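Engineer: Okay, structure incoming, though there's no sequence with it:
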């Protein structure tokens, strides 16, 4: 596989296009600090019930770039779901002092690689599964996410990681979508115990992840992979074909829909003569700076007959995990946990509640306990791990601004916090330390009259949380 540099200035463009509800955050996962972007729909309530769409970037890239490329969270705002953009663990070197717009892509967060290249490391794949699992649990515990409606989609290397997670996490994720990736050949020992909805979108002229040939010995070409998914779901390997109207003849590509069996469980959108692209993506490669024009031809045709976001969400929104067959499981009283706490056990999230028998009950919701573990672990003692709270919030207004910026903070009681204002090159312009003397909720004023017109980045650092806001000076 050619390691296509998917920078394309997504970072630079992303910082000028980030939606108002986008937040850059960090969390501790098994002793490692991991980062992700979070976008909540307008009117979101932490006590609500929302689907969750996890969007994985390509290699090398990061969540901010993926948000700029897809703006999937804009659909989340209109369709009322939570969107998360995780960052890969393995990072390319960051650029502390970028000299031009083509270096800005590495300035603040660095570009990451999902560990999908052969030979695939089981340890690295375990790390990413743990990260995604903990991220899901945090969203369930703190952001009102419905555990039965969690979905995963990825592009290129992120699509290949999505393929791996379809085998590993089909008990926690209701549906999967792979854009311009390939499926790992892990079917020989795969017994999901239920349906695994899987959508694939891929261009036949993709020069980076081939449509017709496996990239590695342990992956499958696109159509053989889809037949395997059909078999795993008990469906016919013969597909029904439907031609999508060619609404944009100028894009140089057309789309054919392959549906395997019935029930809209396994589908392929074959983009004939399409490139290594996210169909109808926000960023037009023709508008990129000349310093990255060398990558434009590698990407190939960008199809506009379909909108990948809409196709993926229409596939996801009809899928959910089975909520009816998760038993109530009782354990001895959990040390250091109280009624109402969220805890993790066996890759699952539970809420502690009284049992009336001197014990505490872990009440699993939809998709909580992996199906393969249900029978084996009934009535077994357990030491559970708390799900991290996610109470820190901050907002900045007015935005766009002129002379003064108001920063409203909540949830930092008892914790020192740092506010950092930088330019797009990552250079620190102002820093403010905020104590907890005024309680967890407070408003800070920052004088910015000396700033030139342009786009800036405001970061809040408190504990293991890092949140980012885009600020525009008029």
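Structural biologist: Okay, I see it. Just so it is clear, the model here is predicted, and its values are computed rather than measured.
Engineer: contacts, neighbours, all on C-alpha from now
Structural biologist: Will do.
Engineer: tell me what the longest strand along the chain is packed against?
Structural biologist: Selection of the longest strand in the chain by residue count, based on DSSP state E, yields strand 145-155. Packing contacts for strand 145-155, counted by 3 or more Cα pairs under 8 Å, 6 or more residues apart in numbering; DSSP states H and E, involve strand 50-56, helix 122-142, helix 157-168, strand 175-179.
Engineer: and the third one with strand 175-179, angle?
Structural biologist: Just to be clear, that refers to helix 157-168. 150 degrees (axes from the mean of the first three to the mean of the last three Cα atoms, to 10 degrees).
Engineer: average pLDDT for helix 157-168?
Structural biologist: The average pLDDT for helix 157-168 rounds to 96.
Engineer: circling back to that earlier point, tell me which residues of the longest strand of the chain come out buried.
Structural biologist: In terms of neighbour count (16 or more other Cα atoms under 10 Å), strand 145-155 has its buried residues at 145-155.
Engineer: still on that earlier bit, lowest average pLDDT across the helices and strands packed on strand 145-155?
Structural biologist: helix 122-142 (a mean of 88).
Engineer: which helices and strands does it pack with?
Structural biologist: strand 22-29, strand 145-155.
Engineer: tilt between it and strand 145-155?
Structural biologist: 140 degrees.
Engineer: Now residue 446: which helix or strand?
Structural biologist: Assigned by DSSP states H and E, residue 446 belongs to strand 442-447.
Engineer: Adjacent strands (with direction) for the following helix or strand past that strand?
Structural biologist: Using DSSP H and E, the helix or strand that follows strand 442-447 towards the C-terminus is strand 454-462. Strand 454-462 sits in its sheet next to strand 417-422 (antiparallel), strand 465-473 (antiparallel), going by DSSP bridges.
Engineer: Using a markdown table, lay out these together with mean pLDDT.
Structural biologist: Putting the strands paired with strand 454-462 into a markdown table (pLDDT from 0 to 100) gives the following:
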| stretch | mean pLDDT |
| --- | --- |
| strand 417-422 | 86 |
| strand 465-473 | 77 |
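Engineer: May I see those strands arranged in TSV, with distance to residue 71 and mean neighbour count as well?
Structural biologist: Shown next, in TSV, are these (distance: least, Cα to Cα, whole Å; neighbours: other Cα atoms under 10 Å):
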stretch	distance to residue 71	mean neighbour count
strand 417-422	23	19
strand 465-473	15	21
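Engineer: and residue 79, which of those is closest to it?
Structural biologist: strand 465-473 (22.8 Å; Cα to Cα).
Engineer: neighbouring contacts of that closest one?
Structural biologist: 15-16, 18, 20, 22-27, 35, 392, 394-396, 399-402, 451-461 (Cα atoms under 8 Å, 6 or more residues apart in numbering).
Engineer: let's see 6 Å
Structural biologist: Residues from elsewhere that reach strand 465-473, judged by Cα atoms under 6 Å, 6 or more residues apart in numbering: 23-26, 400-402, 453-460.
Engineer: now it against strand 22-29, angle please.
Structural biologist: Angle, strand 465-473 to strand 22-29, by the same axes, to 10 degrees: 160 degrees.
Engineer: Quick check: can you name the pairing partners of the strand holding residue 446 and their directions?
Structural biologist: With DSSP bridges as the test, strand 442-447 pairs up with strand 404-410 (antiparallel).
Engineer: so which of the helices and strands packed on strand 145-155 is the most packed in?
Structural biologist: Comparing the helices and strands packed on strand 145-155 by mean neighbour count (mean count of other Cα atoms under 10 Å), strand 175-179 ranks first with a mean of 28.
Engineer: And the following helix or strand past that one, what does it pack against?
Structural biologist: Remark: after strand 175-179, the chain's next helix or strand is strand 183-184, criterion DSSP H and E. On a contact count with 3 or more Cα pairs under 6 Å, 6 or more residues apart in numbering; DSSP states H and E, strand 183-184 meets strand 219-220.
Engineer: Toward the C-terminus from the strand it packs on, list the very next helix or strand.
Structural biologist: Counting by DSSP H and E, the next helix or strand C-terminal to strand 219-220 is helix 222-232.
Engineer: Who are the packing partners of the next helix or strand along the chain from that following helix?
Structural biologist: Next helix or strand after helix 222-232 toward the C-terminus (DSSP H and E): strand 239-243. Using 3+ Cα pairs under 6 Å, 6+ apart as the contact test, the elements touching strand 239-243 are strand 254-260.
Engineer: follow-up on the earlier one: for the helices and strands packed on strand 145-155, could you give me CSV that also reports distance to residue 78?
Structural biologist: Listed next are the helices and strands packed on strand 145-155 as CSV, based on distance: least, Cα to Cα, whole Å:
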stretch, distance to residue 78
strand 50-56, 12
helix 122-142, 19
helix 157-168, 24
strand 175-179, 20
